[in-house]
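1. Next input, structure requested:
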Amino acid sequence: MSLTSHDIDRLAQLSRLQFEAPAAERMLGQLNGFFEIVEQMRAVDTQGVVPMAHPVDAMQGLSQAIADADAHGMTLRLREDVVSEPNQREANQRSAPAVEGGLFLVPKVIE
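-> Okay, the predicted model is just below:
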């Protein structure tokens, strides 16, 4: 997929933006560069690769990944999941206009 300057003009109109000609050309190049990357990713053979619903899914194979990394002389730099900062909720919420039960209260914006 490749965009044209007409596409950029239409996108600008729909998003209520105004671009000078050099900025529109730069935007055209950036968006087409993005679509080139997407096409490269689509070209990768993913047959037999199980989709990952969440990055934590990758942790299921962690012991095998560690063994594979060690076999290839690589190390996975994973740190322990420990608290390293004290809880400063009250101090952080002092400047808030409204707090209740440790939560920020915000005005209703959707009816």
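
2. quick one, helices of the protein?
-> 5-14, 21-43, 62-71, 89-93 (DSSP state H).

3. Can you say which of these is nearest to residue 104?
-> Nearest to residue 104, of all the helices of the chain, is helix 89-93, at 6.9 Å by Cβ to Cβ. (Each C-beta comes from the backbone N, C-alpha and C, glycine too.)

4. pLDDT averaged over the closest one - what is it?
-> Mean per-residue pLDDT for helix 89-93: 93.

5. roughly how far out does that helix sit from the chain middle?
-> Between the centre of helix 89-93 and the centre of its chain there are 28 Å (Cα atoms, centre = their mean, to the nearest Å).

6. Would you mark the buried spots in that helix?
-> Buried residues in helix 89-93, counted by 16 or more other Cβ atoms under 10 Å: none are found.

7. list the contacts for the nearest residue to residue 18 once chain neighbours are set aside?
-> Nearest-residue entry for residue 18: residue 12, 6.6 Å, with adjacent residues in sequence omitted and distances by Cβ to Cβ, 6 or more residues apart in numbering. When contacts are counted by Cβ atoms under 8 Å, 6 or more residues apart in numbering, residue 12 touches 18, 19, 24.

8. cool, and residue 31?
-> 3, 8.

9. pLDDT value on it, please?
-> pLDDT at residue 31 comes out at 93.

10. And for the one 3 residues further on?
-> If you check residue 34, the pLDDT there is 94.

11. What's the local residue count around it?
-> 12 (other Cβ atoms under 10 Å).

12. Least reliable of the helices of the chain by average pLDDT, please.
-> helix 62-71 (a mean of 63).
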